[in-house]
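# sequence first, predicted coordinates after that:
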Amino acid sequence: MFTMKRARGVTLVELMIAMVISTIVLLGVGTVYSSSKRSYKVQEEMARLQENARYAFNVMSRDIRGAGFVGCNPTINSMLNSNSPLFDFQAGIEGWEFDASGTAPGNDYTITTLTSTGSASNWSDGAGNDLADEVDGDVLVGNDVLKVMSADPSSYENPGTCPDGSVVRLQGANPANSTSLVFNCNTNVKRGELVIFGNCDRGDLFQNVSNNNASAVSRATANLTPGNLNPASVNWSQFCENCQLYNAKGIIYYIGVGSGDEPALFRYDYSNADSPVNDELVEGIENMQILYGEDFSPNDDDIQPTQYVTADNISSPDNVVAVRISLLVRTPQELNRPQAPSTHNLLGVDNNTRVAITTLSDRRIRKVFTTTIYVRNKAVTRVRN
C-alpha cells in the first residue's frame, strides 16, 4: 500500500502544460522545416536558371565565334538552286529583328502570350526579307532570331586516312564541268549535306546527292532541298587537286514553344538541308534580344564595333564583328509565392540602350543575362574594301 501511494501520475494540469509546450516546439520545428524547404526550392530553381543561361551562351558562342569561316578562301561560288539568304555562307552571320511591335533599344514590349508564333512578316532582316520559311510558325512573338553560317573544319578534311591507312586523295583534278568529285576511298559526306570544296583561292558550295559515305560526292540535280543548279550551267571555280572538303554548317537560334508548352531556346540545324534537325536546347528562355556590332572602319587595326544595330539595320553582314545577346530566363518550376508582372531591361540599362520587357503574372523568378561575343573568324578573314 505504501508503494502504491508513492507511484503517483501527472495531473491533468501538468499534462496540458506538457502538450502546450510540445505543440509550440513542434510548430517551431515545422516552421523552420517549411522555411528551409522553401529556401532550398528557391535556391535550386535559381541554380537551374543560371545553369540554363550559362549553357545557352556556351552553345551559341561556339557557333558565333566561327561564323564566316569558309576555309581559307575569301570567295564562295554557289552551285545551289536557291537564292535564299539561308545559303549565303559568305555572309557568315545575320538575323531577323521582331519589328511588329518594336523590340529595338528604346522600346517597351509586354509579353501577352507564350504560345503565339505570329507570321513571317513580323520579322525582317537587313535586306528586308521576312522570317525564313524553315522556322516560320515556330518563333515566339517578341523575340529576335539569329542565323550563323560557316564551314566546319572538323567535318571531313582532305587529306584524311582511308581504312587501309592510305591518304584520302582526289582522283585526278576536277574538270570545270564535271558532276562528281571522286576520291580513292569512302568519304564521310552524307546525302543531302551542304558541302564547300575549295582552297585558299576560292570555294564551291553545293549539295551532295551521292549516297552516304560514298567514294564520290556529286553536285548533280536531284529531288532534294534546295538542290543544285544544272551542272551544264555552272562550272567549278577552278582546276583543283589540293582542295579540301568542308561541311557547310547553317544554324538558326530562336525562342519557341518547348515541351510542356514552356518557352525554350531552339537550334535549327540545316547543314543537311534535305533533313534538317530542330532541337530544343534549353528550357525557360523566355525572351532573346540581339544586337550586331558593325565595324565601319575596316582598314584600321582594332577590328572593333563602331556601333551596335538591330538585324534589320545591318548595313553589310561583312561588317559584323561582334554579337550582343540578352536572355530573359525564368525558373523552370513555379514557386509558392506569386510574382506580379515585372519589367526587365535587356541589352542595356538606360532608356536609349535597353529593351524593356514586361512579363506575365505567375509564380516564377526571372533574371536577365547579357554577353557580347566576338566573331573571331569573321573579323579576321572578312573581305576588306
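Structure's in. What do you need?
# all contacts plus neighbour counts: C-alpha atoms, from now on.
Noted.
# how about the contacts made by residue 197?
Residue 197 makes contact with 203-205, 243-246, according to CA atoms under 8 Å, 6 or more residues apart in numbering.
# inside strands: which ones of those residues?
203-205, 244-246 (DSSP state E).
# show me what the most centrally placed residue in the chain is bridged to.
A centroid search over the chain (CA atoms, centre = their mean) returns residue 253, at 3.4 Å, as the residue closest to the centre. Using DSSP bridges, the bridge partners assigned to residue 253 are residue 146, residue 267.
# what mean pLDDT does stretch 356-370 have?
On average, the pLDDT along stretch 356-370 is 92.
# who are the packing partners of the helix or strand where residue 54 lies?
Residue 54 belongs to helix 12-65 when elements are defined using DSSP states H and E. Judged by 3 or more CA pairs under 8 Å, 6 or more residues apart in numbering; DSSP states H and E, helix 12-65 is in contact with strand 277-283, strand 320-330, strand 366-374, helix 376-381.
# show me what the longest one is packed up against.
Applying 3+ CA pairs under 8 Å, 6+ apart, we find strand 320-330 packed against helix 12-65, strand 285-294, strand 343-346, strand 366-374, helix 376-381.
# can you state the direction angle for that strand and strand 277-283?
For strand 320-330 against strand 277-283, the angle by axes from the mean of the first three to the mean of the last three CA atoms, to 10 degrees is 60 degrees.
# pLDDT of strand 320-330, averaged?
In this model, strand 320-330 has an average pLDDT of 95.
# partner strands of it, with direction?
strand 285-294 (antiparallel), strand 366-374 (antiparallel).
# that strand vs helix 12-65, what angle?
If you take the same axes, to 10 degrees, strand 320-330 sits at 160 degrees to helix 12-65.
# now strand 320-330, how far from the centre of its chain.
Centroid separation between strand 320-330 and its chain, computed with CA atoms, centre = their mean, to the nearest Å, is 10 Å.
# contact partners of that strand?
With CA under 8 Å, 6+ apart, strand 320-330 has contacts from 49, 52-53, 64, 93, 284-295, 303-305, 344, 346-347, 364-376, 378-379.
# roughly how far apart are residue 100 and residue 249?
Between residue 100 and residue 249 the computed distance is 30 Å (CA to CA, to the nearest Å).
# let's see if you can find the most crowded of the contacts of residue 197.
Highest neighbour count within the contacts of residue 197, by other CA atoms under 10 Å: residue 203, with 27 neighbours.
# one step back: now render the contacts of residue 197 as JSON lines, adding pLDDT and distance to residue 10.
Shown next, in JSON lines, are the contacts of residue 197 (pLDDT from 0 to 100; distance: CA to CA, whole Å):
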{"residue": "203", "pLDDT": "85", "distance to residue 10": "97"}
{"residue": "204", "pLDDT": "90", "distance to residue 10": "97"}
{"residue": "205", "pLDDT": "93", "distance to residue 10": "94"}
{"residue": "243", "pLDDT": "76", "distance to residue 10": "98"}
{"residue": "244", "pLDDT": "78", "distance to residue 10": "94"}
{"residue": "245", "pLDDT": "81", "distance to residue 10": "92"}
{"residue": "246", "pLDDT": "85", "distance to residue 10": "89"}
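# go through these and name the one nearest residue 127.
Closest approach to residue 127 among the contacts of residue 197 (CA to CA): residue 205, at 21.9 Å.
# for the closest one, what are its contacts?
Contacts of residue 205 (CA under 8 Å, 6+ apart): 76-80, 194-197, 248.
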